[in-house]
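Visitor: my questions are about this predicted structure, shown below with the sequence.
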Amino acid sequence: MSIQPDFIKHSQLVGRLVLDRQTMAEVGKINRVWLNTNNHRVLGITCSSGLMGLKKASIAWDQIYSIGKDTILVGIKPDASPWEKPEGIESIIDYELITDTGNRAGKIDDYLLEPISGVVVSYIYQAIDKGNFLNRRFLLNPEAIISIGSRRVQARAQAVDASEPYTDGLNRLILQAKEFIIEDGNRTIQHLDGVKNQLTQLVAQFREEAPPRLEQVATKVQELAEQAKDKTQPLISQALDQAQSIAQPLIEQAKDAAQTLGEEAKKHFSKSPEVTQEATQTIDITGNPVLESGEPDSAETITAPSGDSDQSQSSQSNETGDDSPDPQRDS
């Protein structure tokens, strides 16, 4: 056998394509790995091919030339007789693990073997009451196995309790997560680079197209402003003319109303008692208006009625030329 990985798992063999390295013909895909449970060594494999996998071919382990990630190359001699599975060979996958104290420890679900010799270096079992939610798989030394029966394996309880956790599954998950993060980061970087290139192109396009468009917009705005000015000026003049035509009658009406109010005020004040009293004080008791020199008007004489004794006496006094002062006048 050529250079191989240090260890390989049973689960990594099942389903792998097997090719004849001489003819590169397809032998089939591995569906069974045969293990000698007495010495814990793999003796051979069985491949299935054809319709529904009905065609079977068994190959001894020492006929395997190389084990790769994708295929297994085998060297089959044309004149060699087909390998047949010996008696007592089993495949203990999914066997229940029982301790020698009678406790169920778990179930064997895989094992590690050395590729060249086919010797099992450790069994892997799924624990029932050990580990945590991240990892419940543990390694069991083949020397800890006491016996193998029908669907059950008995092992020493002390070895089971001291078994170490198998971290390949966890490491694989971490590796897958790491690969996913790296791949996702690369995709993100590529996406950002694409966005950056698009933005650069848009900026360059804007720099080229923006100045002419801005100039066009400025010219259009100026034209609209001039049109608005031309259309607005007649409207303003028309509005001023309308306002003047409406206001002129109101102004005339206001003037007429003010003049009328002035005339009515004059009439009102001419008939008021205060004005009448002042006018009365400027008339002589004889009815003649008093001039500025204090002498009665000789042109007209008003005679008081005869029925009034006081006025008769006053008239007689005036006729006799009595110059005694008149109390009413002095008062």
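Guide: Perfect, thanks for sending it.

Visitor: give me the element Phe138 is part of.
Guide: Using DSSP states H and E, Phe138 falls within strand 137-140.

Visitor: packing partners of that strand?
Guide: Packed against strand 137-140, as judged by 3 or more Cβ pairs under 8 Å, 6 or more residues apart in numbering; DSSP states H and E, are the following elements: strand 104-113, strand 120-127. No exception for glycine: its C-beta is placed from N, CA and C like everyone else's.

Visitor: show me how far the first one is from its chain's centre.
Guide: Put plainly, it is strand 104-113. Taking Cα atoms, centre = their mean, to the nearest Å, the mean C-alpha location of strand 104-113 is offset from the chain mean by 51 Å.

Visitor: mind putting the helices and strands packed on strand 137-140 into CSV with mean pLDDT?
Guide: As requested, the helices and strands packed on strand 137-140 are arranged in CSV below (pLDDT from 0 to 100):
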stretch, mean pLDDT
strand 104-113, 94
strand 120-127, 94
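
Visitor: in JSON lines: those strands, plus distance to Ala159 and mean neighbour count.
Guide: Formatted as JSON lines, the helices and strands packed on strand 137-140 follow (distance: least, Cβ to Cβ, whole Å; neighbours: other Cβ atoms under 10 Å):
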{"stretch": "strand 104-113", "distance to Ala159": "10", "mean neighbour count": "20"}
{"stretch": "strand 120-127", "distance to Ala159": "11", "mean neighbour count": "21"}
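
Visitor: distance to His268 added to these, as TSV?
Guide: As requested, the helices and strands packed on strand 137-140 are exported to TSV (distance: least, Cβ to Cβ, whole Å):
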stretch	distance to His268
strand 104-113	128
strand 120-127	125
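
Visitor: mind checking which of those strands is nearest Arg151?
Guide: Nearest to Arg151, of all those, is strand 104-113, at 10.2 Å by Cβ to Cβ.

Visitor: partners of the closest one, with directions?
Guide: Strand 104-113 has its sheet partners listed here by DSSP bridges as strand 8-9 (antiparallel), strand 96-99 (antiparallel), strand 120-127 (antiparallel).

Visitor: would you mind getting the angle between the helix ranked longest in the chain and strand 120-127?
Guide: Longest helix of the chain, by residue count under DSSP state H: helix 168-270. Interaxial angle, helix 168-270 versus strand 120-127 (axes from the mean of the first three to the mean of the last three Cα atoms, to 10 degrees): 40 degrees.

Visitor: avg pLDDT for helix 168-270?
Guide: With pLDDT averaged residue by residue, helix 168-270 scores 73.

Visitor: which strands and helices lie in contact with that helix?
Guide: Looks like helix 168-270 contacts no helix or strand (3+ Cβ pairs under 8 Å, 6+ apart).

Visitor: and the pLDDT for Gln311?
Guide: 45.

Visitor: give me the buried positions along the strand holding Phe138.
Guide: For strand 137-140, burial by neighbour count (16 or more other Cβ atoms under 10 Å) applies to Arg137, Phe138, Leu139, Leu140.

Visitor: how is the chain divided into domains?
Guide: Residue ranges for each domain of the chain read 1-166, 169-228, as given by automatic domain parsing.

Visitor: most tightly packed of those?
Guide: Mean neighbour count (mean count of other Cβ atoms under 10 Å) peaks for domain 1-166 among those, with a mean of 16.

Visitor: before we move on, back to that, and of the buried residues of strand 137-140, the nearest to Ser66?
Guide: Among those, Leu139 lies closest to Ser66 (Cβ to Cβ), at 26.6 Å.

Visitor: is the closest one in a bridge, and if so with what?
Guide: Taking DSSP bridges, one finds Ile124 as the beta-bridge partners of Leu139.

Visitor: off-centre distance for stretch 77-85?
Guide: Counting by Cα atoms, centre = their mean, stretch 77-85 is centred 70 Å from the centre of its parent chain.

Visitor: next one: stretch 13-28
Guide: The gap between where stretch 13-28 is centred and where its chain is centred comes out at 55 Å by Cα atoms, centre = their mean.

Visitor: one more: stretch 155-167?
Guide: Using Cα atoms, centre = their mean, the offset of stretch 155-167 from its chain centre is 53 Å.

Visitor: can you give me the end-to-end distance of it?
Guide: End-to-end distance of stretch 155-167 (Cα to Cα, to the nearest Å): 22 Å.

Visitor: who touches that stretch?
Guide: Contacts with stretch 155-167, where a contact means Cβ atoms under 8 Å, 6 or more residues apart in numbering, come from 97-101, 103, 105, 124-125, 131, 135, 137-141, 143-146.

Visitor: let's see that with 6 Å instead.
Guide: Thr99, Asp100, Thr101, Ala105, Ile124, Asn135, Arg137, Phe138, Leu139, Leu140, Ala144, Ile145 (Cβ atoms under 6 Å, 6 or more residues apart in numbering).
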